[in-house]
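Trainee: Whatever this is, show me its structure:
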Amino acid sequence: MVCSIHAGKAWSAQPWLFGFEGYLLIHEIETLVLGVNMNRSTWTPYSSQLSHHCMVNGECIGSDPMEDPKVKIIVDSSVYATY
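Mentor: As a prediction, the model looks like this:
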C-alpha cells in the first residue's frame, strides 16, 4: 500500500541530508534510507569531487562515480586507509 500511495514523482518534497562513509550502490542507499527501492534516487552531478555527469538531451545527469576507473581505484584502496 505504501508503494502505491507514494509511487511516482515526489512533489513538494524537502530534501534531508544523509551522510555515510564509503561507497554504496544507489539502490542500497535508497533501501536503507527509505525502506524500499523504488528507483527514485539518482546520483547528483556535482555533489563531491568524485561526482561524474553526462549530458542527456541538454540536461546534466549524474552517473555512478565507480564507472570511472580512477575513482574505482581510490574507493577500493580506501578500505585499507588509516586516519
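
Trainee: and Ser78, how many residues sit next to it?
Mentor: Number of residues near Ser78 (other C-beta atoms under 10 Å) recorded here: 11. Quick note: C-beta positions are derived from backbone N, CA and C, even for glycine.

Trainee: separation between it and Gly62?
Mentor: 21 Å (C-beta to C-beta, to the nearest Å).

Trainee: do the same with Val33
Mentor: Applying C-beta to C-beta, the value for Val33 to Gly62 is 17 Å.

Trainee: Ok, Val71 next?
Mentor: The spacing between Val71 and Gly62, counted by C-beta to C-beta, is 13 Å.

Trainee: Strands of the protein, start to end?
Mentor: For the chain, the strands defined by DSSP state E cover 52-56, 59-63.

Trainee: so which of these comes closest to Ile29?
Mentor: Ile29 lies closest to strand 59-63 among the strands of the chain, at 13.0 Å (C-beta to C-beta).

Trainee: And the closest one, what's buried?
Mentor: Using 16 or more other C-beta atoms under 10 Å as the test for burial, strand 59-63 gives Gly62.

Trainee: helices or strands up against it?
Mentor: Secondary-structure packing of strand 59-63 (3 or more C-beta pairs under 8 Å, 6 or more residues apart in numbering; DSSP states H and E): strand 52-56.

Trainee: show me what contacts the spatially most central residue of the chain?
Mentor: Nearest to the mean C-alpha position of the chain, counting by C-alpha atoms, centre = their mean, stands Trp43 at 3.9 Å. Counting by C-beta atoms under 8 Å, 6 or more residues apart in numbering, Trp43 touches 26, 51-52, 62-65.

Trainee: Recalculate using a threshold of 6 Å.
Mentor: By C-beta atoms under 6 Å, 6 or more residues apart in numbering, the residues touching Trp43 are 62-64.

Trainee: Next: Pro45.
Mentor: Pro45 neighbours (C-beta under 6 Å, 6+ apart): 53, 60, 62.
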